[in-house]
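Participant: Requesting a structural model of the entry that follows:
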Amino acid sequence: MNYLEYYGLQQEPFSNAPVSKFFFNSAQHSKALLRLQYAAESMKGLALLVGDIGAGKTTLARRMLDQLPEDAYEAALLVIIHSGITAEWLLKRIATQLGVNEPAEDKLTLLSQLYKRLVEIHDSGKKAIVLIDEAQMLQTREIMEEFRGLLNLEVPGTKLLTFIFFGLPELEENLKLDEPLAQRVALRYHLDPLSEEATSNYIEHRLRLAGRPAPLFAPDAVAAIHRFSRGIPRLINTICDNGLFEGSLLKRESIEADIIENIAADLGLAQQESAAERAARSAEAQQVMKDTARRAKEMAAGRGAPVASAPAQAPAAPAAAHVPTMSAPVSITPAPAPSAAPAPKKEEAEDDEIDSILDQFGE
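Facilitator: Residues are numbered from 1 along each chain as shown. Predicted structure coming up:
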């Protein structure tokens, strides 16, 4: 029995194939679509949607194509699958997608054909929109110059063609191969990962559409899925699909966190951390170390020493989760009490001493 039968599902809920039925309109996906539709409606010329791998850019591109009314738009979607394409290939493909019959091999003739077709589209009351997916694959100056030239095709008062690029963040650097083109970007939107709440809603949404109205993933499992996927839809799908498979093998009625933990380890996700998470933990650990060093310095100077009648106690160690393991303990010997009260020290001097102590921690 496969997991579809075991859990009463009509189809795979977490396939990574772009299926419009499963589109999840999160708050940020909705914002992205509204902005891109505005760029198309206003004929902005050039708009960008950027996001990390698996963030849902292709899904949004297909969703937008589906939502552009055929009686108002002449729209096409091109997927760039290789960085070695030529400007001539691209121009011919755009012309074909927009309805140019028998596109010429000669570039100047082809440009003339495309211009005439764009004027026809405009005169019919429609707008010409070309969506370019995997646009980070456009990596030559020649290609960028071709796009700039196409954006110059216009009639008095309006542009004849608008491009919307979907790609990885390096797309913005690629555009700088032709600075005048980079300056023509009229709208940008960055597609961020899903929050934990949105991840939970996403999972329930896809299960419901696959025929399972009741929850299958326990709350602790959802939290683990978000942690390991970092809110990236493609990884959410992969983890959940594996979770359903493992759950059915174990005859579980619901998917718990232990299953997700094992899957994440098998997929190598347990060791992966986002740069933001590493930076946050590093900053937190450094602050704890500074606080510990400052307390040690104060005790060494006699300002924080315990009274004589009470046994001296070492300051409480910070939580292990927040302080990196040291290769060797650091011993700090209190200085002998001075015969007279020491003169107050400036904050700068204190910071220098703290830095000296921190050097012993490996900073």
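
Participant: Counting neighbours, what do you get for residue 178?
Facilitator: Residue 178 has 19 neighbours, counted by other Cβ atoms under 10 Å. (Glycine included, C-beta is placed from N, CA and C.)

Participant: do the same with residue 134
Facilitator: Counted with other Cβ under 10 Å, residue 134 comes out at 20.

Participant: Looks like it contacts residue 81 (just checking).
Facilitator: Yes: assessed by Cβ atoms under 8 Å, residue 134 is found in contact with residue 81 at 6.7 Å.

Participant: okay, and the common contacts of the two?
Facilitator: Taking Cβ atoms under 8 Å, 6 or more residues apart in numbering as the contact criterion, residue 134 and residue 81 have no common neighbours.

Participant: Please, where are all the helices along the stretch 151-300 of the chain?
Facilitator: Remark: helices assigned in the stretch 151-300 of the chain by DSSP state H, counting those that start in this stretch are 170-175, 179-182, 196-209, 219-229, 233-249, 257-267, 275-300.

Participant: Kindly reformat those helices as JSON lines containing distance to residue 26.
Facilitator: Below are those laid out as JSON lines (distance: least, Cβ to Cβ, whole Å):
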{"stretch": "helix 170-175", "distance to residue 26": "22"}
{"stretch": "helix 179-182", "distance to residue 26": "29"}
{"stretch": "helix 196-209", "distance to residue 26": "5"}
{"stretch": "helix 219-229", "distance to residue 26": "13"}
{"stretch": "helix 233-249", "distance to residue 26": "9"}
{"stretch": "helix 257-267", "distance to residue 26": "21"}
{"stretch": "helix 275-300", "distance to residue 26": "19"}
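
Participant: first to last residue in stretch 127-146, what's the distance?
Facilitator: 20 Å (Cα to Cα, to the nearest Å).

Participant: quick one: it to chain centroid distance?
Facilitator: Using Cα atoms, centre = their mean, to the nearest Å, the distance from the centre of stretch 127-146 to the centre of the chain it belongs to is 21 Å.

Participant: now swap in stretch 203-216 and tell me
Facilitator: Here stretch 203-216 shows a centroid-to-chain-centroid distance of 24 Å under the convention Cα atoms, centre = their mean.

Participant: Enumerate every residue touching the nearest residue to residue 154 once chain neighbours are set aside.
Facilitator: Spatial nearest neighbour of residue 154, excluding adjacent residues (Cβ to Cβ, 6 or more residues apart in numbering): residue 160 at 5.4 Å. Contacts for residue 160 (Cβ under 8 Å, 6+ apart) come out as 115, 118, 119, 121, 122, 128, 153, 154.

Participant: three-state assignment of the fifth one?
Facilitator: Of the three states, residue 122 takes helix according to DSSP: H, G, I helix; E, B strand; the rest coil.

Participant: Now for it, how many residues are close by?
Facilitator: 19.

Participant: cool, the last one as well?
Facilitator: If you count neighbours by other Cβ under 10 Å, residue 154 ends up with 15.

Participant: Report the separation between it and residue 43.
Facilitator: Residue 154 is 9 Å from residue 43, where distance means Cβ to Cβ, to the nearest Å.

Participant: With the fourth one instead?
Facilitator: Using Cβ to Cβ, residue 121 is found at 11 Å from residue 43.

Participant: Can you pull the residues that touch both of the two?
Facilitator: Common neighbours of residue 121 and residue 43 (Cβ under 8 Å, 6+ apart) are residue 127.

Participant: residue ranges for the strands of the protein, please.
Facilitator: Secondary structure of the chain (DSSP state E): strands at 46-51, 73-79, 127-133, 154-155, 158-159, 162-167, 187-191.

Participant: Okay, and the beta partners of the closest residue to residue 78 other than its chain neighbours?
Facilitator: The spatial neighbour of residue 78 that comes closest, neighbours along the chain excluded (Cβ to Cβ, 6+ apart), is residue 132 at 5.4 Å. Beta-bridge partners recorded for residue 132 (DSSP bridges): residue 78, residue 165.

Participant: Pretty sure residue 132 sits against residue 164.
Facilitator: Yes: assessed by Cβ under 8 Å, residue 132 is found in contact with residue 164 at 7.1 Å.

Participant: Look at the two and report which has more neighbours.
Facilitator: residue 164 (26 against 23).

Participant: list the contacts for the more buried one?
Facilitator: Residues near residue 164 by Cβ under 8 Å, 6+ apart: 36, 39-40, 46-49, 61, 64, 129-132.

Participant: For PyMOL, write a command that selects the buried ones of those residues.
Facilitator: Selection of buried members from those for PyMOL, criterion 16 or more other Cβ atoms under 10 Å:
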select buried, resi 36+39+40+46+47+48+49+61+64+129+130+131+132
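
Participant: Closest to residue 108 out of the contacts of residue 164?
Facilitator: Proximity to residue 108 was ranked across the contacts of residue 164 by Cβ to Cβ; first place goes to residue 130, at 20.5 Å.

Participant: quick one: that closest one from residue 17, how far?
Facilitator: 23 Å.
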